[in-house]
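In: coords please:
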Amino acid sequence: MPIDKRVFENLEQSDRFYPEEVPSFDMEPIKTYFMIVKSPEEIKEGIITLISFKDGDLICKWTGMHLKFQTLHSLQHTEDKIFIHDTWFIGKLLHSCDPNCKLDMDNMQLYAIKDIKPFDKLTVDYDDTEKKLYQSFHCNCGAANCKGFIDGYGVKNEN
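Out: Residues are numbered from 1 along each chain as shown. Sure thing, here's the model as predicted:
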């Protein structure tokens, strides 16, 4: 189900994940399409979708604060240690070794990389997004290709 862009024309603050200090923008994640749920993972929360997406669909655009240090809810933006910190939405994406989403860090967009059904968790592979994780962890995602330990793509290259 493609997102109806008309929904963003009269967006109420109560429909948003981002605080009112962050100006609203087209294709931002909104509560009409997504829900934050509790997670047993260290991140404590995850995101589920309330609608379907097809492989290749733009799921949402996102934003955050640019920092020169990493946090639990940040994503590595560039190799020269610039991180985007977002505790409201994108920083809550859960890990899977067989993810259903891919982050476009240059345009701050999230895309489906396989078909996603309503109530599916939105997942990315943290080993694809972070050179070194803020907090490494033992993975038990259940994917056939589960790596077992997630620490970042750069850490594996150092060994």
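In: name the SS class of residue 24, please.
Out: Three-state assignment for residue 24 (DSSP: H, G, I helix; E, B strand; the rest coil): coil.
In: ok, it to residue 91 distance?
Out: Remark: distance between residue 24 and residue 91 (C-beta to C-beta, to the nearest Å) = 19 Å. The way it works is simple: take the backbone N, C-alpha and C, and place the C-beta from them, glycine included.
In: the two: which has the busier surroundings?
Out: Taking neighbours as other C-beta atoms under 10 Å, residue 24 and residue 91 compare with residue 91 leading, 19 against 14.
In: next up, phi/psi of that one, please.
Out: phi -70, psi -10 (degrees, to the nearest 10).
In: show me the contacts for the closest residue to it other than its chain neighbours.
Out: Nearest residue to residue 91, sequence neighbours excluded (C-beta to C-beta, 6 or more residues apart in numbering): residue 73, at 3.0 Å. Contacts for residue 73 (C-beta atoms under 8 Å, 6 or more residues apart in numbering) come out as 43, 85, 86, 87, 91, 92.
In: also residue 18?
Out: By C-beta under 8 Å, 6+ apart, the neighbours of residue 18 are 24, 28, 63, 88, 89.
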